[in-house]
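Peer 1: Starting from these lines, generate the structure:
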Amino acid sequence: MLALGIELAEDGTRGVAVAGDGTVLRRARTGRAGDGVRSLLDELSAGHRPDAIGVAADAPRARLDPPGGWPAFLACTPGAAAVVAESWLGAARGARHALCLVIGDRVVAGLLLNGEPWVGAHGFAGAAAWFALNPVERQDYRRLGNLAAEVSNEGIARRLAWRVQAGDESVVIERAGSLEAITAAHVFDGARAADGVAISVVRETAKYVGMAIANMASLLDPEIIVLGGTVADARDLLLEPIRQECARRLPPGLVGQFRFAISDLGADAIATGAARLAMLSAG
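Peer 2: Have a look, this model is predicted:
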């Protein structure tokens, strides 16, 4: 079986061609979300008609209209695609109850309950960006969601920029060149270089992520929680503080009952999961 998986995101459209055994045969990407999807499909299929096409999008419909001659697109949420990829090929293989939290340019969660991805009554299950973890009213919370405003790549960079604007000194601004150029990667590199402000921002990030995971784990009692995206890239800085913060906020009987894992599927995870869901739908 040949399935194509497409991830639509603000920073571009990413796609993979996946064989039935999970081997990624080809990868392709375009510059902006929705741009050049047809040419992306042509590149991924390499002249072979795919058996199934899955599309991961923030607000999917049940089906999307395909170009002529192509199989129907199966649409899914990025979180559902991520957790399906982990349960198929990644850290959650064999699990019946799993959570996957992906943090990067956006923040999404995927839920696997009794072996099936759970998307909720209206398709919004896993909208982790909107976890309310701070009672303060801020405009970016209303626009992005509380958790995303704090721990997305943009949120991490913004929190360090605010500290510098408030008068704190940080080597990160020198390395980035300007406040506007600061990225999450600059913050992580600064923390590794023992920059005090960057270390503080990383600790705050771990606290928010740990709180979010404790809330999800207390509600759903999973076997495993898989962390992907920024957390995976900065596991040396974030994994243990997240684990400790989470443990402090769990019911005593739940502490130590589930596993933490870092995703090794990289940037292909969501597109691969979309392809897998399309495969399952096509039979």
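Peer 1: going forward, measure contacts between C-alpha atoms and count neighbours the same way
Peer 2: Noted.
Peer 1: Least confident secondary structure element in the chain?
Peer 2: Comparing every helix and strand of the chain by mean pLDDT, DSSP states H and E singles out strand 63-64 as the least confident one, with a mean of 52.
Peer 1: what lines up beside whatever helix or strand comes next after it in the sheet?
Peer 2: The first helix or strand that comes after strand 63-64 along the chain, using DSSP states H and E, is strand 73-76. For strand 73-76, sheet partners with direction are given as strand 52-56 (parallel), strand 63-64 (antiparallel), following DSSP bridges.
Peer 1: and residue 180, which of those is closest to it?
Peer 2: For residue 180, the closest of those is strand 52-56, at 30.0 Å, according to Cα to Cα.
Peer 1: and the closest one, how far from the chain's centre?
Peer 2: Centroid displacement of strand 52-56 relative to its chain, using Cα atoms, centre = their mean, to the nearest Å, is 17 Å.
Peer 1: can you check stretch 79-88 too?
Peer 2: Centroid separation between stretch 79-88 and its chain, computed with Cα atoms, centre = their mean, is 10 Å.
Peer 1: okay, it in PDB with CA atoms only?
Peer 2: Below are the C-alpha coordinates for stretch 79-88, written out as PDB (Å, rounded to 0.1, in the frame of the first residue of the first chain):
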ATOM      1  CA  GLY A  79      -2.700  15.800  17.500                       C
ATOM      2  CA  ALA A  80      -4.600  12.600  16.400                       C
ATOM      3  CA  ALA A  81      -2.100  12.100  13.600                       C
ATOM      4  CA  ALA A  82       0.800  12.500  16.000                       C
ATOM      5  CA  VAL A  83      -0.400  10.000  18.500                       C
ATOM      6  CA  VAL A  84      -1.300   7.500  15.800                       C
ATOM      7  CA  ALA A  85       2.200   7.800  14.400                       C
ATOM      8  CA  GLU A  86       3.700   7.200  17.800                       C
ATOM      9  CA  SER A  87       1.500   4.100  18.400                       C
ATOM     10  CA  TRP A  88       2.300   2.700  15.000                       C
END
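Peer 1: buried residues in that stretch?
Peer 2: When burial is assessed from 16 or more other Cα atoms under 10 Å, stretch 79-88 yields the following buried residues: 79-88.
Peer 1: follow-up on the earlier one: closest to residue 200 out of the strands paired with strand 73-76?
Peer 2: The closest of the strands paired with strand 73-76 to residue 200 is strand 52-56. By Cα to Cα, the value is 34.3 Å.
Peer 1: weakest of the strands paired with strand 73-76 in terms of mean pLDDT?
Peer 2: For the strands paired with strand 73-76, the stretch scoring lowest in mean pLDDT is strand 63-64; its value is a mean of 52.
Peer 1: next one: phi and psi at the closest residue to residue 206 other than its chain neighbours?
Peer 2: What sits nearest to residue 206 in space, not counting adjacent residues and going by Cα to Cα, 6 or more residues apart in numbering, is residue 242, at 4.8 Å. Backbone torsions of residue 242, given as degrees, to the nearest 10, read phi -60, psi -40.
Peer 1: tell me the contacts of residue 20?
Peer 2: Shown in contact with residue 20 (Cα atoms under 8 Å, 6 or more residues apart in numbering): 1-3, 279.
Peer 1: can I get the strands paired with strand 73-76 in a markdown table with distance to residue 108?
Peer 2: Compiled in a markdown table, those are given as follows (distance: least, Cα to Cα, whole Å):
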| stretch | distance to residue 108 |
| --- | --- |
| strand 52-56 | 12 |
| strand 63-64 | 21 |
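Peer 1: Compare those strands and give me the one nearest residue 174.
Peer 2: Closest approach to residue 174 among the strands paired with strand 73-76 is made by strand 52-56 (37.8 Å; Cα to Cα).
Peer 1: what's in contact with that closest one?
Peer 2: Counting by Cα under 8 Å, 6+ apart, the neighbours of strand 52-56 from elsewhere in the structure are 2-8, 71-78, 81, 270-271, 274-279, 282.
Peer 1: Enumerate every residue touching residue 231.
Peer 2: Listed by Cα under 8 Å, 6+ apart, the contact set of residue 231 reads 102-103, 238-239, 262.
Peer 1: which ones among these are found in strands?
Peer 2: Secondary structure from DSSP state E places 102-103, 262 of those in strands.
Peer 1: Out of the contacts of residue 20, flag the one nearest to residue 175.
Peer 2: The nearest member of the contacts of residue 20 to residue 175, counting by Cα to Cα, is residue 3 at 42.4 Å.
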